[in-house]
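sequence unknown, structure follows:
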Ligand SMILES: Nc1nc2c(ncn2[C@@H]2O[C@H](COP(=O)(O)OP(=O)(O)OP(=O)(O)O)[C@@H](O)[C@H]2O)c(=O)[nH]1
């Protein structure tokens, strides 16, 4: 009897401890906001696939969500918590594609490019070449490496898909100098800097804008009673920092109201008021999540657009790192076929984190490369395809044709979830003029503002949003691989003040 009671008590205690421990773990996991509900390994058609992220997992300061369509939806505030990403498991009858994948992609590309020839009558003869190019598109699979830390089971299951990928039959496909000869020495994958709190950590990079906006504004406001000359000085400061007239006027009006209220009595109050006004002006309610999570039927597709030299390729690479760090399988599409170096550059980014790449020959049709990237991404069951495009702005119509075509052709296969315009913050006015051209060509869904570390004109953020009506979603704060941060109005203003 006694023994039974004791056993009963022991069992009760054990159950209680187990319950508490279980709840603790669940809560702890929940607290680690993460987009990484993607399992490290998953099953596609019964086949076990290895997560090519190499096991990187981090909490995330970035917000990724599922897309669906590329329409602009600025007013929907989205919580950080990502939607659970159901894996597109079934709809891929062509998963086992022994011999025909390359020709079928080429055929499909040919058909689509042919039917897409609406505005391109002169280009008609090119269609044949484009289709041939499509067959020559290279897919460079990254080697799966077992990073020092945590990749539990890596190499073995990788071998099968790896073997079937190179089924491209064209003999004269250029051999990528770097990737091919890798025997078995697994390449060292990069350590990726934590994605959490990046904007705050990189705040020092905004020092030039900080001086131009923060310090001068605080100096003026902290001085006490403001006469009209002081207000003019404030206005000049904002204009010089590239806020633009709309934002400048709005900020001054709001500041006048704040300062006239009884609440502002000290320099600290003035600072708080300035913070409120600036944050408010940055429209914190805008949805800044990047739609880079897979949805039913396929991977998310992100188009990265912008003129030459603004940092598109770099941004695509940095974004791939962030996604990989969140446990996503990423495929890169090198649709900047004007510059061979751009594809090489992108390939290097991919190799450093274990993301595959689809690239075409120099001069190949960007739409064809983008299409192949998406088809490959769907076939391989990746989570997101990031497409780096070329950015020649020599003629507006040329750009329109090319970008519009890339998007149209991709959309024959799957929706483009995100069109990110990359803008160089150091070019100011000009950047905005470019942005407007792009906005006419494609429905932009977000802006990535690069090189904010090299300018005193951080106020361009306000202006871009005002003039384009598109949220700044990411900011580039340096040339380093991890110098990309999610844009957060509060953290940004804190970094300025
Ligand atoms: N300081 C700084 N440099 C950056 C940033 N982003 C990109 N860069 C640099 O800008 C230069 C151009 O970057 P790319 O990524 O090659 O630009 P791109 O738009 O792809 O250029 P094209 O391929 O010619 O169209 C490189 O030297 C990058 O390192 C940033 O946020 N800060």
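Perfect, thanks for sending it. Note that the coordinates shown come from a computational prediction; the quantities given were computed from them, not determined experimentally.

The stretch 201-350 of the chain: strands as residue ranges?
Ranges of strands within the stretch 201-350 of the chain are 290-293, 300-305, 330-335, based on DSSP state E, counting those that start in this stretch.

May I see the ones you listed arranged in JSON lines, with mean pLDDT, mean neighbour count and distance to residue 213 as well?
To be clear about C-beta, it is placed using only N, CA and C from the backbone, and glycine gets the same treatment. What follows is the strands of the stretch 201-350 of the chain, written out as JSON lines (pLDDT from 0 to 100; neighbours: other Cβ atoms under 10 Å; distance: least, Cβ to Cβ, whole Å):
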{"stretch": "strand 290-293", "mean pLDDT": "94", "mean neighbour count": "28", "distance to residue 213": "26"}
{"stretch": "strand 300-305", "mean pLDDT": "96", "mean neighbour count": "28", "distance to residue 213": "28"}
{"stretch": "strand 330-335", "mean pLDDT": "96", "mean neighbour count": "32", "distance to residue 213": "35"}
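
who wins for proximity to the ligand among those?
Nearest to the ligand among these is strand 300-305; the distance by Cβ to the nearest ligand atom comes to 8.4 Å.

So residue 490 is in contact with residue 283, correct?
No: using Cβ atoms under 8 Å, residue 490 is not in contact with residue 283; the gap is 11.9 Å.

Looking at those two, which is more packed in?
The neighbour count for residue 490 versus residue 283, taken as other Cβ atoms under 10 Å, is higher for residue 283 (17 against 14).

Not counting residues beside it along the chain, what's closest to the more buried one?
The shortest distance from residue 283 to any non-neighbouring residue, by Cβ to Cβ, 6 or more residues apart in numbering, is to residue 465 (6.2 Å).

element containing that neighbour?
helix 460-468 (DSSP states H and E).

What is that helix packed up against?
helix 244-260, helix 429-441, strand 446-450, strand 472-476 (3 or more Cβ pairs under 8 Å, 6 or more residues apart in numbering; DSSP states H and E).

Could you rerun that using 10 Å?
Other helices and strands packing on helix 460-468, by 3 or more Cβ pairs under 10 Å, 6 or more residues apart in numbering; DSSP states H and E, are helix 244-260, helix 267-281, strand 418-424, helix 429-441, strand 446-450, strand 472-476, helix 489-496.

buried stuff in the second one?
Spelled out, it's helix 267-281. Residues of helix 267-281 classed as buried under the neighbour-count rule (16 or more other Cβ atoms under 10 Å) are 269-271, 273-275, 277-279, 281.

just the helices in the stretch 301-450 of the chain please.
312-325, 340-353, 366-380, 396-411, 429-441 (DSSP state H, counting those that start in this stretch).

could those helices go into a markdown table alongside mean pLDDT?
A markdown table is the format used below for the helices of the stretch 301-450 of the chain (pLDDT from 0 to 100):
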| stretch | mean pLDDT |
| --- | --- |
| helix 312-325 | 95 |
| helix 340-353 | 91 |
| helix 366-380 | 95 |
| helix 396-411 | 83 |
| helix 429-441 | 84 |
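
Can you report how many residues neighbour whichever residue of the chain sits closest to the ligand?
Proximity of the chain to the ligand (Cβ to the nearest ligand atom) peaks at residue 476, 2.4 Å away. Neighbours of residue 476 under the rule other Cβ under 10 Å: 27.

Quick check: beta-bridge partners of it?
residue 484 (DSSP bridges).

Does it touch residue 448 like I think?
Yes: counting by Cβ atoms under 10 Å, residue 476 touches residue 448, with 6.6 Å between them.

Spit out the residues that contact these two alike.
Common neighbours of residue 476 and residue 448 are listed as 310-311, 314-315, 318, 422-423, 484 (criterion: Cβ atoms under 10 Å, 6 or more residues apart in numbering).

Which ones, among those residues, also lie beside the ligand?
Contacts with the ligand are made by 310-311, 314 out of the shared contacts of residue 476 and residue 448, judged by Cβ under 6 Å from any ligand atom.

before we move on, the earlier item: mind listing what's buried in the helix holding residue 465?
Buried, per 16+ other Cβ under 10 Å, within helix 460-468: 460-466, 468.

Same check on stretch 486-497?
486-489, 491-497.

low-confidence ranges in the stretch 1-150 of the chain?
Residue ranges of the stretch 1-150 of the chain with pLDDT under 70: 1-2, 16-60, 68-150.

which parts of the stretch 201-350 of the chain sit against the ligand?
Proximity of the stretch 201-350 of the chain to the ligand (Cβ under 6 Å from any ligand atom) is limited to residues 306, 308-314, 336, 339, 342.

Take these and lay them out in CSV including neighbour count.
Compiled in CSV, these are given as follows (neighbours: other Cβ atoms under 10 Å):
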residue, neighbour count
306, 27
308, 15
309, 12
310, 25
311, 22
312, 25
313, 27
314, 23
336, 27
339, 16
342, 23
